[in-house]
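[1] Test case, fold it:
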Amino acid sequence: MRYSKLLASVFATSLLVMAQQPKRHPEAARWRSAGRDPFAPIQPPKSTLPSGRAGLLLSDLHIIGVAVGGPLGPVALVSDSAAGIGASQIYFLRPGDRIYDALILRISPQGVWCLPTSNRNSKAPRAHSPVLLKVSGAAQ
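    Numbers count the residues shown, from 1 in each chain. Next comes the predicted model:
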(Lines give C-alpha, C1' and ligand atoms only; values in the text may rest on other atoms or scores of the structure.)
Protein backbone atom coordinates (compact mmCIF):
# COMPACT_ATOMS: atom_id res chain seq x y z
CA MET A 1 0.00 0.00 0.00
CA ARG A 2 2.76 2.39 0.97
CA TYR A 3 4.68 1.72 -2.26
CA SER A 4 1.62 2.23 -4.43
CA LYS A 5 1.08 5.74 -3.00
CA LEU A 6 4.74 6.56 -3.59
CA LEU A 7 4.56 5.20 -7.12
CA ALA A 8 1.38 7.18 -7.83
CA SER A 9 2.96 10.42 -6.60
CA VAL A 10 6.11 9.87 -8.72
CA PHE A 11 3.96 9.12 -11.75
CA ALA A 12 1.83 12.25 -11.21
CA THR A 13 4.96 14.41 -10.78
CA SER A 14 6.49 13.08 -13.98
CA LEU A 15 3.28 13.83 -15.89
CA LEU A 16 3.35 17.43 -14.64
CA VAL A 17 6.98 17.86 -15.63
CA MET A 18 6.34 16.42 -19.10
CA ALA A 19 3.34 18.71 -19.61
CA GLN A 20 5.44 21.79 -18.79
CA GLN A 21 8.23 20.99 -21.27
CA PRO A 22 7.90 22.56 -24.73
CA LYS A 23 7.08 20.15 -27.54
CA ARG A 24 9.94 19.55 -29.96
CA HIS A 25 9.79 19.08 -33.67
CA PRO A 26 10.60 15.44 -34.66
CA GLU A 27 13.60 16.57 -36.73
CA ALA A 28 14.99 19.01 -34.15
CA ALA A 29 17.89 16.67 -33.32
CA ARG A 30 18.91 16.56 -36.98
CA TRP A 31 18.83 20.34 -37.23
CA ARG A 32 21.18 20.65 -34.26
CA SER A 33 23.65 18.21 -35.79
CA ALA A 34 25.78 19.00 -38.82
CA GLY A 35 22.68 18.74 -41.00
CA ARG A 36 24.43 16.83 -43.77
CA ASP A 37 24.31 13.18 -44.72
CA PRO A 38 27.85 11.85 -44.14
CA PHE A 39 27.48 9.39 -47.03
CA ALA A 40 26.31 11.93 -49.61
CA PRO A 41 28.95 12.96 -52.16
CA ILE A 42 30.52 16.31 -51.44
CA GLN A 43 29.66 18.73 -54.22
CA PRO A 44 29.29 22.46 -54.19
CA PRO A 45 25.69 23.64 -53.95
CA LYS A 46 24.11 24.27 -57.33
CA SER A 47 23.53 27.91 -56.44
CA THR A 48 27.28 28.58 -56.15
CA LEU A 49 28.14 27.11 -59.55
CA PRO A 50 28.57 29.51 -62.46
CA SER A 51 25.88 29.43 -65.09
CA GLY A 52 26.32 27.84 -68.48
CA ARG A 53 29.13 25.61 -69.62
CA ALA A 54 31.48 26.81 -66.87
CA GLY A 55 29.14 25.36 -64.23
CA LEU A 56 28.98 21.81 -65.60
CA LEU A 57 30.24 19.12 -63.25
CA LEU A 58 32.14 16.14 -64.65
CA SER A 59 30.03 13.73 -62.59
CA ASP A 60 26.80 15.17 -64.07
CA LEU A 61 27.81 15.15 -67.76
CA HIS A 62 25.75 13.01 -70.11
CA ILE A 63 27.33 12.57 -73.57
CA ILE A 64 24.56 12.58 -76.18
CA GLY A 65 26.74 12.39 -79.28
CA VAL A 66 29.95 13.44 -81.00
CA ALA A 67 30.81 14.79 -84.46
CA VAL A 68 34.43 14.22 -85.39
CA GLY A 69 34.85 14.93 -89.12
CA GLY A 70 33.17 18.31 -89.44
CA PRO A 71 34.70 21.52 -90.81
CA LEU A 72 34.86 23.04 -87.29
CA GLY A 73 36.70 20.08 -85.81
CA PRO A 74 35.45 17.60 -83.23
CA VAL A 75 32.37 18.64 -81.26
CA ALA A 76 30.53 16.85 -78.45
CA LEU A 77 26.88 17.32 -77.63
CA VAL A 78 26.41 17.00 -73.84
CA SER A 79 23.68 17.62 -71.30
CA ASP A 80 23.61 18.24 -67.58
CA SER A 81 21.93 15.07 -66.30
CA ALA A 82 21.58 16.48 -62.76
CA ALA A 83 18.94 18.95 -63.92
CA GLY A 84 16.48 16.12 -64.57
CA ILE A 85 14.58 14.93 -67.60
CA GLY A 86 13.03 17.74 -69.58
CA ALA A 87 14.84 20.41 -67.57
CA SER A 88 18.41 19.65 -68.66
CA GLN A 89 20.38 22.07 -70.79
CA ILE A 90 22.32 20.97 -73.89
CA TYR A 91 25.83 22.26 -74.58
CA PHE A 92 28.46 21.89 -77.31
CA LEU A 93 31.99 21.12 -76.10
CA ARG A 94 35.23 21.30 -78.06
CA PRO A 95 38.78 20.23 -77.13
CA GLY A 96 40.33 22.82 -74.82
CA ASP A 97 37.02 23.88 -73.24
CA ARG A 98 36.86 24.10 -69.46
CA ILE A 99 33.96 22.93 -67.38
CA TYR A 100 33.77 23.47 -63.61
CA ASP A 101 36.02 20.61 -62.53
CA ALA A 102 37.65 19.33 -65.74
CA LEU A 103 39.39 20.23 -68.99
CA ILE A 104 38.20 18.68 -72.27
CA LEU A 105 41.30 17.08 -73.81
CA ARG A 106 40.11 15.19 -76.87
CA ILE A 107 36.90 14.14 -78.59
CA SER A 108 36.89 10.78 -80.37
CA PRO A 109 34.13 8.62 -81.86
CA GLN A 110 34.09 6.60 -78.62
CA GLY A 111 33.52 9.59 -76.34
CA VAL A 112 35.08 12.59 -74.65
CA TRP A 113 38.44 12.52 -72.87
CA CYS A 114 38.52 14.83 -69.85
CA LEU A 115 41.26 15.73 -67.40
CA PRO A 116 39.83 16.23 -63.89
CA THR A 117 41.22 19.32 -62.20
CA SER A 118 40.99 20.45 -58.62
CA ASN A 119 37.73 22.15 -57.72
CA ARG A 120 37.96 25.89 -57.51
CA ASN A 121 36.50 25.79 -53.99
CA SER A 122 38.61 22.88 -52.79
CA LYS A 123 42.30 22.97 -51.91
CA ALA A 124 42.77 19.21 -52.23
CA PRO A 125 44.23 18.13 -55.60
CA ARG A 126 42.47 15.43 -57.60
CA ALA A 127 44.05 12.57 -59.46
CA HIS A 128 45.34 13.86 -62.78
CA SER A 129 44.59 10.92 -65.05
CA PRO A 130 42.35 11.37 -68.11
CA VAL A 131 38.81 10.03 -67.95
CA LEU A 132 36.83 8.74 -70.95
CA LEU A 133 33.15 9.61 -70.91
CA LYS A 134 31.49 7.27 -73.39
CA VAL A 135 28.70 8.24 -75.73
CA SER A 136 25.31 7.06 -74.46
CA GLY A 137 24.21 3.87 -76.12
CA ALA A 138 27.69 3.07 -77.45
CA ALA A 139 28.82 -0.57 -77.45
CA GLN A 140 30.90 -1.41 -74.41
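[2] how near is the closest residue to Ala67 other than its chain neighbours to Leu93?
    Nearest non-adjacent residue to Ala67, counting by Cβ to Cβ, 6 or more residues apart in numbering: Val75, 4.9 Å away. In this view, the C-beta of every residue, glycine as well, is placed from N, C-alpha and C. Going from Val75 to Leu93 by Cβ to Cβ, to the nearest Å gives 7 Å.
[3] neighbour-wise, which of the two wins?
    Leu93 (22 against 15; other Cβ atoms under 10 Å).
[4] Now for Val75 and Leu93: what residues contact both?
    Ile107 (Cβ atoms under 8 Å, 6 or more residues apart in numbering).
[5] buried sites along stretch 96-113?
    97, 99-104, 107, 111-113 (16 or more other Cβ atoms under 10 Å).
[6] need the contact list for Leu56.
    78, 80, 91, 99-100.
[7] hmm, 10 Å instead?
    Under the criterion of Cβ atoms under 10 Å, 6 or more residues apart in numbering, the neighbours of Leu56 are 49-50, 78-80, 82, 89, 91, 93, 97-102.
[8] The residue lying closest to it once chain neighbours are set aside and Phe39, how far apart?
    Leaving out its chain neighbours, the residue that sits closest to Leu56 by Cβ to Cβ, 6+ apart is Ile99, at 4.1 Å. Applying Cβ to Cβ, the value for Ile99 to Phe39 is 26 Å.
[9] Could you do Leu72 as well?
    Applying Cβ to Cβ to Leu72 and Phe39 gives a distance of 43 Å.
[10] Comparing the two, which residue is more hemmed in?
    Taking neighbours as other Cβ under 10 Å, Leu72 and Phe39 compare with Leu72 leading, 8 against 5.
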